[in-house]
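Undergrad: 3D model of this:
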Amino acid sequence: MRSRGLEQVELFLSDGVVGMKAALAKTYPQAHFQRCLVHVMRNICAKVRVDDREAVMNEFKQIHQQANKAAAVDVLHAFYAKWNKSYNHVIRNLKDIEPDLLVFYNYPKQIRASIYSTNMIESFNNVIKRKAKPKAEFPTEQSLDTFIGIQAMSYNDRYFNRIHKGFGQVQDTLESYFE
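TA: Below is the predicted model:
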C-alpha cells in the first residue's frame, strides 16, 4: 500500500487474516488495529454448542453496544467469567485478541458502528467480484491489478460526495488525527 502512495494509516480494520497485524505494524507502526466484531462473533458461533449460541451471541453483542470503553471492558470480562468454564478455548482466544476488539471506542461515537465491522469493505469487495466475474480470467497479474485499480477509482468517483453515516458530523475530529 505504501508503494501505491498511502502515506499514513490511522485505523486498520481486519477480519483476522493471519499475519495482517504484524505486516501493518511493520509498515504503519502508528496505525491502530481493529478486529471485525462480526467475524469474531462468527468464529465464536462455530465453536459453541447450538443450544448455547443464542445466549452467547446476545451477551457478546452487548460489548459493542456500551456507551464507553470502560463499560465494554466490564461486559467483556463478565462474558469471560460466565462462559470460561464451558468454552475455555473460546475465551482464551478472545483474551489473545482483546487489545484489538475495542479499539473503535477510541473514536467518536457517531462512527463506531461503521468501524467495528468490515461491512463497508465487504460491500466494495462484492462490487469488484461482480464486475470481475464476466472476465473469467486475467492474462497477467498486472492486468488484474489495473482492473481493480480502475474499479476502485470508479467507485470513488461515484461516491465521492457521499458521506457515510456519522462521518460528516466528526470530519474535523478525524482530520485532526492526520495533522
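
Undergrad: and the longest helix for the chain?
TA: Longest helix in the chain, counting residues (DSSP state H): helix 141-158.

Undergrad: next secondary structure after that helix?
TA: Moving toward the C-terminus from helix 141-158, the next helix or strand (DSSP states H and E) is helix 171-176.

Undergrad: for that following helix, what is the average pLDDT?
TA: For helix 171-176, the mean per-residue pLDDT is 80.

Undergrad: isn't residue 118 up against residue 37?
TA: No. Applying CB atoms under 8 Å, one finds residue 118 not in contact with residue 37, separated by 9.4 Å. From N, CA and C alone the C-beta is placed, and that goes for glycine too.

Undergrad: OK, contacts around residue 25?
TA: By CB atoms under 8 Å, 6 or more residues apart in numbering, the contact set of residue 25 is 31, 33.

Undergrad: ok, 10 Å please
TA: By CB atoms under 10 Å, 6 or more residues apart in numbering, the contact set of residue 25 is 12, 31, 33.

Undergrad: any buried residues in the helix or strand bottoming out on mean pLDDT in the chain, and which?
TA: Counting by mean pLDDT, DSSP states H and E, the chain has its least confident helix or strand at helix 119-132, which shows a mean of 77. When neighbours are counted by 16 or more other CB atoms under 10 Å, no buried residue of helix 119-132 is found.

Undergrad: cool, stretch 147-157 as well?
TA: residue 151.

Undergrad: okay, now the residue nearest to residue 169 when sequence neighbours are not counted: neighbour count?
TA: Once flanking residues are discounted, residue 169 sits nearest to residue 110: 4.8 Å by CB to CB, 6 or more residues apart in numbering. Neighbour count for residue 110, taken as other CB atoms under 10 Å: 14.

Undergrad: same question for residue 72.
TA: 19.

Undergrad: what packs against whichever strand or helix holds it?
TA: Residue 72 belongs to helix 69-83 when assigned by DSSP H and E. In terms of contacts (3 or more CB pairs under 10 Å, 6 or more residues apart in numbering; DSSP states H and E), helix 69-83 is packed against helix 50-61, helix 88-97.

Undergrad: give me the mean pLDDT for it.
TA: Helix 69-83 comes out at a mean pLDDT of 96.

Undergrad: for that helix, C-alpha coordinates in PDB please.
TA: Below are the C-alpha coordinates for helix 69-83, written out as PDB (Å, rounded to 0.1, in the frame of the first residue of the first chain):
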ATOM      1  CA  LYS A  69     -14.800   1.600  26.600                       C
ATOM      2  CA  ALA A  70     -14.700   1.000  30.300                       C
ATOM      3  CA  ALA A  71     -18.300  -0.300  30.300                       C
ATOM      4  CA  ALA A  72     -17.400  -2.500  27.300                       C
ATOM      5  CA  VAL A  73     -14.400  -3.900  29.100                       C
ATOM      6  CA  ASP A  74     -16.600  -4.700  32.100                       C
ATOM      7  CA  VAL A  75     -19.100  -6.500  29.900                       C
ATOM      8  CA  LEU A  76     -16.300  -8.400  28.100                       C
ATOM      9  CA  HIS A  77     -14.800  -9.600  31.400                       C
ATOM     10  CA  ALA A  78     -18.300 -10.600  32.700                       C
ATOM     11  CA  PHE A  79     -18.600 -12.600  29.400                       C
ATOM     12  CA  TYR A  80     -15.300 -14.300  30.100                       C
ATOM     13  CA  ALA A  81     -16.300 -15.200  33.700                       C
ATOM     14  CA  LYS A  82     -19.700 -16.600  32.700                       C
ATOM     15  CA  TRP A  83     -18.500 -18.700  29.700                       C
END
